[in-house]
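Enquirer: Predicted model, plus sequence, below.
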Amino acid sequence: MSHSVAGNDNLNESPDNSQQAFDSLMDLELEKYVLRLYVANNSAKSLRAVQKIKKLCEKHLQGRYELEVIDIYKHPELLEEDQVFAVPTLIKKLPPPLQKLIGDMTNTEKVIICLDL
């Protein structure tokens with residue numbers, strides 16, 4: 001006598017496929033974030049932005065992020081490359097899609113949305 005179970009098509013899934021699926025999920029969970037924060041010297045607004053972004057990254061992305069803080073006066077050549085027109089500007093380069101947040105970094109909700117957290 002043969003029994004079939006509806007909806008359990010993956011019962012015949014090989015262990016290799018299961019491991020690959022698990023590894024893919026883990027890779028997504030551990031995806032590294034690459035961020036650039038453009039600031040202007042040591043202005044109060046820039047210092048607040050750096051502190052806020054570092055704090056959020058440590059809370060939500062601990063060990064999974066690279067934050068590059070770029071002073072526009074020391075590296076003006078990067079402004080055109082990243083199309084930065086105002087500071088502070090936060091750019092999420094990785095993971096895709098690329099996102100930009102311009103201006104006030106103290107709004108935690110906006111930063112979290114920008115980073116897709």
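Expert: Arrived safely, thanks for sending. Numbering: from 1, shown residues only.

Enquirer: rest of the way, CA atoms for contacts and neighbours
Expert: Noted.

Enquirer: Tell me the helix or strand right after the helix or strand where Leu78 lies.
Expert: Under the criterion of DSSP states H and E, Leu78 resides in helix 77-82. Next helix or strand after helix 77-82 toward the C-terminus (DSSP H and E): strand 89-94.

Enquirer: which strands and helices sit next to that following strand?
Expert: Secondary-structure packing of strand 89-94 (3 or more Cα pairs under 8 Å, 6 or more residues apart in numbering; DSSP states H and E): strand 33-39, strand 99-102.

Enquirer: same for the longest one, what does it pack against?
Expert: This means strand 33-39. Under the contact criterion of 3+ Cα pairs under 8 Å, 6+ apart, strand 33-39 touches strand 65-71, strand 89-94.

Enquirer: for the next helix or strand after it, packing partners?
Expert: For strand 33-39, the succeeding helix or strand toward the C-terminus, using DSSP H and E, is helix 44-60. Under the contact definition 3+ Cα pairs under 8 Å, 6+ apart, helix 44-60 sits against strand 65-71.

Enquirer: Check the offset of the strand it packs on from the chain's centre.
Expert: 12 Å (Cα atoms, centre = their mean, to the nearest Å).

Enquirer: average pLDDT across it?
Expert: For strand 65-71, the mean pLDDT works out to 97.

Enquirer: What residues of it count as buried?
Expert: Tyr65, Leu67, Ile70, Asp71 (16 or more other Cα atoms under 10 Å).
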